[in-house]
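J.: Quick check, what structure comes out for this input:
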Amino acid sequence: MRCPFCKIDDDRVVDSRSSGQGFVIRRRRKCHNCGRRFTTYERVEKSPLRVIKKDGSRVDFDRKKLVEGLKRACHKRPVSTERLEEIVNEVERDLSEVYDREVPTKAIGEKIINYLHDLDHVAYVRFASVYRNFQDITEFVKEIENITKKASEGAKENGKS
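T.: Residues are numbered from 1 along each chain as shown. Presented below is the predicted three-dimensional model:
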């Protein structure tokens with residue numbers, strides 16, 4: 001590794017640590033020429049995911065789009081931006097474990113829907129209405145009835161009824 005200070009390629013690793021949940025190695029190095037220390041990070045290089053759109057076109061995976069979609073669904077809801085970022089991180093990690101290079105939009109939408117269902121029912125219905133392309137009010141009502149039914153079944157199982 002070339003020293004960022006004197007530009008000489010003569011150093012030694014003083015300390016190595018795992019960071020970033022084990023996906024990154026942090027190395028402290030000392031230059032033999034100038035004696036200064038510097039830090040390098042080593043991570044696995046992975047090819048970026050491509051998204052297969054409904055029309056068959058392919059675009060680069062854009063986490064900003066997911067965050068923005070979640071923000072719209074969670075507008076004026078008690079959900080922090082940090083939690084939305086965590087969801088996107090979890091979705092991205094889940095997708096990269098299952099899909100090597102290309103992922104269909106349907107898989108992304110289903111992952112998001114599952115997280116929102118557990119997080120906030122209003123945000124879930126908002127996102128589902130766009131994702132599943134609700135055409136009229138009866139589809140909203142049906143989805144809300146499903147949520148209400150599942151919630152009351154969960155309450156009965158927990159002895160809260």
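J.: residue ranges with poor pLDDT in this structure?
T.: Counting by pLDDT under 70, the chain shows low-confidence ranges at 20, 45-46, 151-161.
J.: Now do the domain split for it, please.
T.: Taking automatic domain parsing as the criterion, the chain consists of the domains 11-43, 50-151.
J.: which one of those has the most crowded surroundings?
T.: domain 50-151 (a mean of 14; mean count of other CB atoms under 10 Å). Any C-beta I mention is one placed from the backbone N, CA and C, and that applies to glycine too.
J.: Nearest residue to V79 in space, ignoring adjacent ones along the chain?
T.: The shortest distance from V79 to any non-neighbouring residue, by CB to CB, 6 or more residues apart in numbering, is to D120 (5.6 Å).
J.: tell me the contacts of that neighbour?
T.: Residues near D120 by CB atoms under 8 Å, 6 or more residues apart in numbering: C74, R77, P78, V79.
J.: and what of S18?
T.: V24, I25, R26.
J.: returning to what we had before: what does the residue nearest to V79 show for phi and psi?
T.: phi -160, psi 120 (degrees, to the nearest 10).
J.: any idea how far E86 is from it?
T.: 14 Å (CB to CB, to the nearest Å).
J.: Check P4 too.
T.: Computed as CB to CB, the P4 to E86 distance reads 33 Å.
J.: Once you drop chain neighbours, what's closest to I25?
T.: Nearest residue to I25 in three dimensions, chain neighbours excluded: E42, at 4.4 Å (CB to CB, 6+ apart).
J.: quick one: the one you found is in a strand?
T.: Yes: note on E42: a strand contains this position according to DSSP: H, G, I helix; E, B strand; the rest coil.
J.: correct me, but it touches R27?
T.: Yes: between E42 and R27 there is a contact at 6.6 Å, judged by CB atoms under 8 Å.
J.: mind listing the strands for the chain?
T.: 11-19, 24-31, 37-43, 50-52, 58-60, 102-104 (DSSP state E).
J.: Export these to a markdown table and append columns for distance to I113.
T.: Shown next, in a markdown table, are these (distance: least, CB to CB, whole Å):
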| stretch | distance to I113 |
| --- | --- |
| strand 11-19 | 32 |
| strand 24-31 | 30 |
| strand 37-43 | 30 |
| strand 50-52 | 16 |
| strand 58-60 | 20 |
| strand 102-104 | 14 |
